[in-house]
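**Q** quick one: sequence and predicted model below, then my questions.
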Amino acid sequence: MTEIEVAGEMLPIRESLLREVEVAWERLASPGTWWTGAERLAIAAEARRAGDCGLCRERRAALSPYTVAGAHDSTSELPPAAIEAIHRIVTDAGRITERWILSLVEGAEMPALEETEYVEIIGVIAVLTGLDKLHQGLGLPPRELPAPVPGEPSRQRPAGAKRNLAYVATLAPEDVGPDDPNPYPVHGDKNIHRGVSLVPQEVFNFFDLDVELYMKDHEIRDFEHDFRAISHAQIELIAGRTSALNGCYY
Amino acid sequence: MTDEAAVNSVPHGEILMALVGAVHGGDASEMAAARRAVRDSMGDAAFVDACATIASFSAVVKIADGAGIPLEDFKEEATRDMRAELAINDFQS
């Protein structure tokens, strides 16, 4: 155990959690697979602003978000389709449809967003949400976004990725190529692990953090041992209620 | 089992649910009260791990919904009756 300072008090925190929080911030600021470090931080900044967007509020209130047109409140230089994706994932992810994703990647209403770029946006937002919610829960203000790490994205799309599981293409464990990062031996290969596997590094980026926020895959059903300062039952109660409040029924 | 019964069957379930609700709602005074209740009743290490769990499940929903992943077969099987009772499949996008 180590400690974290919250409002002048020192709280105990697992070293492994604190380490992965720092790794997650470094990765957010570093060149990804399809976006530069500066662009990844711009995605994070836009994600933090999306909650104040008037169009998103209107869409949230509508029976269907797809009936409300307009422009997002944004000053970002990211492409319009990226802004649309960020705002929807942050404010109304539960009503995302396959058709909406296809409209983004086919450029139906605005210049197209590559499917790989969309998937990396999901990864960035998921990591940022984990980091920011941890701070919010503890009573800490959101951490200031770091400076971007220079460099170019690697732009490596797994050749074996297919659209046969989710709304986006995913990489099945049996289709991982020799040049693809392979997160499955480390984190498992349930559907949730495959969600952002079109950009395999994003699986590492999210689950390296998530196994410390929650638990490692093999720990989840090991009811003989407690791995946290709260019990399995308490963890699952929190998990269930948090998921329900977020409208997630996965 | 009802929601209330599930909460009551877990030690400190009620104060943990209050923390989840307060963090989701974002009201500063509710969060402060909920944090204090968990820390006083369960200790600071438990409080930190409760916050970490909330963070995890607030984040993972972005992957599940953003990518549109389906339930695994074993989960679908386990929840078939419940989903039928709720007619939840009628709301698939």
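**A** Looks like it arrived, so ask away.

**Q** contacts only, for residue 6.
**A** Since you didn't name a chain, this refers to chain A. With contacts defined as CB atoms under 8 Å, 6 or more residues apart in numbering or on different chains, A:Val6 is in contact with A:138-140. For the C-beta atoms, the positions are set from N, CA and C on the backbone; glycine is no exception.

**Q** actually it's chain B I care about, not the one you picked
**A** B:Ala6 makes contacts with A:237, B:13, as judged by CB under 8 Å, 6+ apart.

**Q** give me the pLDDT for it.
**A** Confidence at B:Ala6, expressed as pLDDT, is 70.

**Q** what about it, which helix or strand?
**A** B:Ala6 belongs to helix B:3-8 when assigned by DSSP states H and E.

**Q** within reach of chain B, which of the contacts of A:Val6 are there?
**A** Restricting these to those touching chain B (CB under 8 Å from any CB of the partner chain) yields A:138-139.

**Q** list the buried residues in the helix holding B:Ala6.
**A** Across helix B:3-8, burial judged by 16 or more other CB atoms under 10 Å in any protein chain shown covers B:6-7.

**Q** among the contacts of A:Val6, which one has the most neighbours?
**A** In terms of neighbours by other CB atoms under 10 Å in any protein chain shown, these top out with A:Leu138 at 21 neighbours.

**Q** quick check, that residue in contact with A:Glu9.
**A** No. A:Leu138 is beyond contact range of A:Glu9, at 10.4 Å (criterion: CB atoms under 8 Å).

**Q** over to the closest residue to A:Val124 other than its chain neighbours. Which of the three states is it?
**A** The shortest distance from A:Val124 to any non-neighbouring residue, by CB to CB, 6 or more residues apart in numbering or on different chains, is to A:Ile43 (4.8 Å). Local secondary structure at A:Ile43 is given as helix here, using DSSP: H, G, I helix; E, B strand; the rest coil.

**Q** is it true that A:Ile43 touches A:Ile125?
**A** Yes. With contact defined as CB under 8 Å, A:Ile43 reaches A:Ile125; the gap is 7.1 Å.

**Q** between these two, what contacts are shared?
**A** Residues touching both A:Ile43 and A:Ile125 by CB under 8 Å, 6+ apart: A:Ile86.

**Q** low-confidence ranges, chain B, go.
**A** B:1-3, B:74-93 (pLDDT under 70).

**Q** what about the helices in it?
**A** B:3-8, B:13-25, B:28-42, B:44-67, B:73-78, B:80-86 (DSSP state H).

**Q** quick check: which of those is buried the most?
**A** helix B:44-67 (a mean of 26; mean count of other CB atoms under 10 Å in any protein chain shown).

**Q** lowest confidence element among the helices and strands of chain A?
**A** One helix or strand of chain A scores below all others by mean pLDDT, DSSP states H and E: helix A:217-220, with a mean of 88.

**Q** related to what we said a few turns ago, and the helix holding B:Ala6, how far out from the chain middle?
**A** Computed by CA atoms, centre = their mean, to the nearest Å, the chain-centroid distance of helix B:3-8 equals 13 Å.

**Q** neighbours of A:Ser197, how many?
**A** Around A:Ser197 there are 30 residues (other CB under 10 Å).

**Q** wait, it touches A:Thr170, no?
**A** Yes. Between A:Ser197 and A:Thr170 there is a contact at 4.8 Å, judged by CB under 8 Å.

**Q** what do these two both touch?
**A** A:Ala161.

**Q** what's the helix or strand hosting A:Phe207 packed up against?
**A** If you go by DSSP H and E, A:Phe207 is part of helix A:200-213. Applying 3 or more CB pairs under 8 Å, 6 or more residues apart in numbering or on different chains; DSSP states H and E, one finds that helix A:200-213 contacts helix A:15-29, helix A:115-138, helix A:184-187, helix A:191-194, helix B:44-67.

**Q** I'd like those helices laid out as TSV, including distance to B:Glu14.
**A** Shown next, in TSV, are those (distance: least, CB to CB, whole Å):
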stretch	distance to B:Glu14
helix A:15-29	26
helix A:115-138	17
helix A:184-187	33
helix A:191-194	29
helix B:44-67	13
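
**Q** quick one, which of those helices is nearest to A:Thr242?
**A** When those are compared by CB to CB, helix B:44-67 sits nearest A:Thr242, at 3.9 Å.

**Q** quick one: the closest one near chain A?
**A** Yes. Using CB under 8 Å from any CB as the criterion, contacts between helix B:44-67 and chain A involve B:44-67.

**Q** burial count for the closest residue to A:Val90 other than its chain neighbours?
**A** Excluding its sequence neighbours, the residue lying closest to A:Val90 (CB to CB, 6+ apart) is A:Ala50, at 4.0 Å. By other CB under 10 Å, 22 other residues sit near A:Ala50.

**Q** A:Ala50 contacts A:Ala85, correct?
**A** No. With contact defined as CB under 8 Å, A:Ala50 does not reach A:Ala85; the gap is 10.4 Å.

**Q** contact partners for A:Glu109?
**A** For A:Glu109, the contacting residues are A:Ser103, by CB under 8 Å, 6+ apart.

**Q** how about it, secondary structure?
**A** For A:Glu109, the secondary structure call by three-state DSSP comes out as coil.

**Q** so how far is B:Gly21 from it?
**A** Separation of A:Glu109 from B:Gly21 (CB to CB, to the nearest Å): 37 Å.

**Q** nothing else from me, thank you.
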